[in-house]
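> What shape does this take:
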Amino acid sequence: MPKAVDFRAELRRQLAIGQSQKLPHVDINAGELHRDVGGYPGPDNRMPNCCQVMNGERKSGDTIVAGKQLKSAGASLTIRYLLPR
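Got it, this is the predicted structure:
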């Protein structure tokens, strides 16, 4: 089962890729992030943990483009992270 450290590492990896491509921002969806890390969908998924990590990585200017600003927002949570970080 994935842990917060796993979600954080994958999120940061995706942000680094966007930054290396000189993108202005990267939109990251919780469902896709969890699939990339593993364990989703499934009965023992860690979606609340995934969403908490995504919200925890937000900085000034980052915006929620889909979903709610809740720890357990669900797979629809999508955050636009501005680059560079």
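> Using PDB, write down the CA coordinates of the longest helix belonging to the chain.
The longest helix of the chain (DSSP state H) is helix 4-20. Backbone C-alpha positions of helix 4-20 (Å, rounded to 0.1, in the frame of the first residue of the first chain) are rendered in PDB as follows:
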ATOM      1  CA  ALA A   4       2.500   9.700   1.900                       C
ATOM      2  CA  VAL A   5       6.200   9.500   1.000                       C
ATOM      3  CA  ASP A   6       5.300   7.600  -2.200                       C
ATOM      4  CA  PHE A   7       2.700  10.100  -3.200                       C
ATOM      5  CA  ARG A   8       5.000  13.000  -2.500                       C
ATOM      6  CA  ALA A   9       7.900  11.500  -4.400                       C
ATOM      7  CA  GLU A  10       5.700  10.900  -7.500                       C
ATOM      8  CA  LEU A  11       4.100  14.300  -7.300                       C
ATOM      9  CA  ARG A  12       7.500  16.000  -7.100                       C
ATOM     10  CA  ARG A  13       8.800  13.800 -10.000                       C
ATOM     11  CA  GLN A  14       5.900  15.000 -12.200                       C
ATOM     12  CA  LEU A  15       6.500  18.600 -11.200                       C
ATOM     13  CA  ALA A  16      10.200  18.300 -12.000                       C
ATOM     14  CA  ILE A  17       9.400  16.900 -15.400                       C
ATOM     15  CA  GLY A  18       7.100  19.900 -16.100                       C
ATOM     16  CA  GLN A  19       9.800  22.200 -14.900                       C
ATOM     17  CA  SER A  20      12.400  20.600 -17.100                       C
END
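> Quick test: name the residue nearest the centre of the protein.
residue 54 (4.2 Å; C-alpha atoms, centre = their mean).
> bridging residues for the closest residue to that one other than its chain neighbours?
By the measure of C-beta to C-beta, 6 or more residues apart in numbering, the closest residue to residue 54 outside its immediate chain neighbours is residue 79, 5.5 Å from it. The way it works is simple: take the backbone N, C-alpha and C, and place the C-beta from them, glycine included. With DSSP bridges as the criterion, residue 79 is bridged to residue 28, residue 64.
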